[in-house]
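Asks: Pasting a predicted model and its sequence here:
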Amino acid sequence: MPISARNQLTGRITEILLGEVMAHVSVRVGKNVIESVITRRSAEQLGLKKGDTVTAIIKSTEVMLMKD
């Protein structure tokens, strides 16, 4: 599926916490973890489960940087 977002990171789901309406999904990308909150319905429709490989697509108007 073509998409305009250029910030795409592939990782593996390490945890999914399902609430009544929302799902909190943790994705390990290298040494880092990206956390996403999506609707529970979306998580169920995608069939997401721990260990799945997914692509995090980041579309944001602001990205903060911190120098190490």
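Replies: That came through, no problem. Residues are numbered from 1 along each chain as shown.

Asks: From now on I want contacts and neighbour counts done on CA atoms only, so please keep to that.
Replies: Noted.

Asks: what are the ranges of the helices in the protein?
Replies: Along the chain, counting by DSSP state H, helices occupy 40-46.

Asks: Show me what the strand ranked longest in the chain pairs with in its sheet, parallel or antiparallel.
Replies: For the chain, the strand with the greatest residue count under DSSP state E is strand 7-18. Applying DSSP bridges to the sheet, strand 7-18 is found paired with strand 22-29 (antiparallel), strand 53-58 (antiparallel).

Asks: to the chain's geometric centre, what's the distance from the shortest one?
Replies: Counting by Cα atoms, centre = their mean, to the nearest Å, strand 53-58 is centred 5 Å from the centre of its parent chain.

Asks: before we move on, back to that, pick out the shakiest of the strands paired with strand 7-18, pLDDT-wise.
Replies: Here those differ in mean pLDDT, and the lowest is strand 53-58 at a mean of 95.

Asks: which of the strands paired with strand 7-18 sits most buried?
Replies: strand 22-29 (a mean of 19; mean count of other Cα atoms under 10 Å).

Asks: Name the residues that touch that one?
Replies: 9-18, 33-41, 43, 54 (Cα atoms under 8 Å, 6 or more residues apart in numbering).

Asks: Is it possible to mark the buried ones in the residues you listed?
Replies: 11-13, 16, 18, 39-40, 43 (16 or more other Cα atoms under 10 Å).

Asks: Redo these as CSV? Include pLDDT.
Replies: Formatted as CSV, these follow (pLDDT from 0 to 100):
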residue, pLDDT
G11, 98
R12, 98
I13, 98
I16, 98
L18, 97
T39, 97
R40, 97
A43, 98
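
Asks: Of the residues you listed, which is the nearest to I58?
Replies: Distances from I58 to those, taken as Cα to Cα, are shortest for G11 (13.0 Å).

Asks: and R6, what does it touch?
Replies: Counting by Cα under 8 Å, 6+ apart, R6 has contacts 57-59.

Asks: Right, I'll call it a day here.
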